[in-house]
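Colleague: mind folding the following:
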Amino acid sequence: MSTPSPAVQARSQARPLRWHVGLFEQFWSAPRFDLPSDELAPDVRGYWPGQREPRVGITAYVAPLKRLLQRVPDFRLEVADHASDGDVIFIHWVAHGTWQGRPLKFDGVDCIRQRDGRVVENRIFCKHPLIDLILEEVDAAGDQVGGAAG
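Modeller: Numbering: from 1, shown residues only. Okay, here's the model as predicted:
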């Protein structure tokens with residue numbers, strides 16, 4: 001069993017008891033997947049628009065997000081509104097960026113279920129050709145859908 005890096009250990013010790021919208025805002029103001037994070041449960045389930053099966057596990061969950069940032073490096077989400085009920089947080093967001101040389105703007109809602117300070121499920125509700133495209137690309141690349149955690 002490997003020992004987590006000092007950065008991951010520090011974040012683990014500082015992890016809030018509940019995941020909250022402030023963490024969403026912080027990440028999406030300057031998204032980066034190269035930084036250590038323990039905000040996602042190892043068996044996180046991501047439900048994307050138009051997909052029958054969830055993306056299970058961290059690797060499968062973040063694959064569309066990484067592809068999105070490859071296509072739109074300046075992609076950002078702004079929180080327009082949010083509400084919570086127990087362990088469930090609803091976030092209405094507005095996406096911004098540049099796609100195909102033109103300004104990009106569309107909105108959606110994430111329904112996030114958290115447990116012990118980690119995201120365990122996210123249901124993403126939005127409709128935009130960019131989202132359809134990245135999901136097609138990820139599927140064509142063979143990234144996991146409904147697969148093992150990882």
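
Colleague: where does the prediction get shaky in the chain?
Modeller: Within the chain, the ranges that satisfy pLDDT under 70 run 1-17, 143-150.

Colleague: packing partners for the longest strand that it contains?
Modeller: Counting residues, the longest strand in the chain under DSSP state E turns out to be strand 102-115. Helices and strands touching strand 102-115, by 3 or more C-beta pairs under 8 Å, 6 or more residues apart in numbering; DSSP states H and E, are strand 88-99, strand 118-126. Heads up, the C-betas are built off the backbone N, CA and C, glycines and all.

Colleague: in a markdown table: those, plus mean neighbour count and distance to residue 77.
Modeller: Formatted as a markdown table, these follow (neighbours: other C-beta atoms under 10 Å; distance: least, C-beta to C-beta, whole Å):
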| stretch | mean neighbour count | distance to residue 77 |
| --- | --- | --- |
| strand 88-99 | 18 | 4 |
| strand 118-126 | 18 | 10 |
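
Colleague: ok, back up a step: list the buried residues of the longest strand of the chain.
Modeller: Across strand 102-115, burial judged by 16 or more other C-beta atoms under 10 Å covers 104, 106, 108, 109, 110, 112, 113, 114.

Colleague: need the residues you listed in JSON lines (columns: distance to residue 59).
Modeller: JSON lines is the format used below for those (distance: C-beta to C-beta, whole Å):
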{"residue": "104", "distance to residue 59": "26"}
{"residue": "106", "distance to residue 59": "26"}
{"residue": "108", "distance to residue 59": "23"}
{"residue": "109", "distance to residue 59": "24"}
{"residue": "110", "distance to residue 59": "19"}
{"residue": "112", "distance to residue 59": "19"}
{"residue": "113", "distance to residue 59": "20"}
{"residue": "114", "distance to residue 59": "20"}
